[in-house]
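Build me a model from this:
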Amino acid sequence: MVIKMETKDDLVVDGYRFATLADAETARLDRKRIKNLEDNLDYRKPQNVLLLYHKALDTKVLQTPIGFACLLSIQEQLRKCGVPEEKIRPIPLNMTFTNKTEASRSIRRSIAARQPEYKGRFITSVCLNLLMVAVILAMFVISFKSDYPNIINYRRAIVNEYSEWEQELTEREQAVREAERKLGGSP
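Modelled structure (predicted):
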């Protein structure tokens with residue numbers, strides 16, 4: 001199996017350089033169809049030429065610039081033969097020919113038009129975020145200053161509770177020793 005690499009010459013058909021080999025092949029096919037069409041055209045009968053022209057437009061048999069050039073020359077021949085302009089349909093182009101920079105300009109314009117809307121949403125979002133941070137800070141302060149043990153102050157609460165018990169036990173122990181002295185010293 002031999003794989004043929006495409007060259008620049010493979011992409012050129014009748015003075016047009018196509019972007020892909022498939023487009024170039026379609027242009028070659030259009031060239032064959034044009035030759036067949038011209039063999040069957042009799043410009044002495046403009047109504048038949050007009051019917052063939054409209055049939056070519058309806059079936060989209062010619063799809064490349066080479067085919068469009070042929071359709072344009074048929075239009076010119078129909079005008080020369082006296083066919084009214086309103087009976088000659090324009091060639092439909094089902095593609096865009098816009099420059100990317102112009103498209104990006106229109107995108108920038110649409111973004112600029114929406115900017116005040118986004119600015120208002122941004123300010124609202126920042127205010128809500130600041131409010132949420134303030135609420136979270138308030139919750140931490142309340143939890144930290146609370147007398148009940150929680151995840152923030154559980155160690156301090158437990159240490160305080162044990163210190164209170166130790167102090168209470170020390171006071172009772174002193175009271176018991178004092179009572180023993182009084183009882184021991186009176187006999």
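
Was I right to think Leu78 contacts His54?
No - judged on C-beta atoms under 8 Å, Leu78 makes no contact with His54 at a distance of 10.5 Å. Yep, even glycine has a C-beta here, placed from its N, CA and C like the rest.

which regions of the protein sit below the pLDDT cut-off?
For the chain, the stretches flagged by pLDDT under 70 are 1-8, 97-116, 147, 185-187.

mind running it again at 90?
For the chain, the stretches with pLDDT under 90 are 1-24, 26-27, 30, 33-68, 70-75, 77-122, 139-162, 182-187.

Among Leu78 and His54, which residue is more densely surrounded?
Counted by other C-beta atoms under 10 Å, Leu78 and His54 do not tie: Leu78 has more neighbours, with 20 against 13.

quick one, helices of this structure?
Listed in chain order, the helices of the chain (DSSP state H) span 8-11, 21-40, 46-59, 65-80, 100-145, 154-185.

Of these, which is nearest Arg89?
Of all the helices of the chain, helix 46-59 sits nearest to Arg89, with 5.9 Å by C-beta to C-beta.

and that closest one with helix 21-40, angle?
Calculated by axes from the mean of the first three to the mean of the last three C-alpha atoms, to 10 degrees, helix 46-59 forms an angle of 160 degrees with helix 21-40.

Let me have the helices of the chain in TSV, extended by distance to Pro90.
Output for those, formatted as TSV (distance: least, C-beta to C-beta, whole Å):
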stretch	distance to Pro90
helix 8-11	29
helix 21-40	19
helix 46-59	9
helix 65-80	8
helix 100-145	23
helix 154-185	83
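
Of those, which is nearest Ile91?
Evaluated with C-beta to C-beta, the helices of the chain place helix 65-80 nearest to Ile91, the distance being 5.1 Å.

From the structure, what's the count of residues near Leu37?
Each residue near Leu37 was counted by other C-beta under 10 Å, and the total is 20.

Tell me if I'm right that it and Cys70 touch.
Yes - taking C-beta under 8 Å as the definition, Leu37 is a contact partner of Cys70 at 7.2 Å.

and Glu86, how far is that from Glu180?
Noted for Glu86: a distance of 129 Å to Glu180, by C-beta to C-beta, to the nearest Å.

Those two: who's more crowded?
Set Glu86 next to Glu180 and count neighbours by other C-beta under 10 Å: Glu180 wins out with 10 against 6.

surely Gly67 meets Leu29?
No - counting by C-beta under 8 Å, Gly67 stays clear of Leu29, with 9.2 Å between them.

So which of the two has more stuff around it?
Gly67 (22 against 17).

how near is that one to Val13?
11 Å.

Please enumerate the shared neighbours of the two.
Each of Ala27 lies in contact with both Gly67 and Val13 under the rule C-beta atoms under 8 Å, 6 or more residues apart in numbering.

residues near Gln66, how many?
To be clear, residue 66 is Ile; Gln isn't right here. Other residues lying near Ile66 total 21 when counted by other C-beta under 10 Å.
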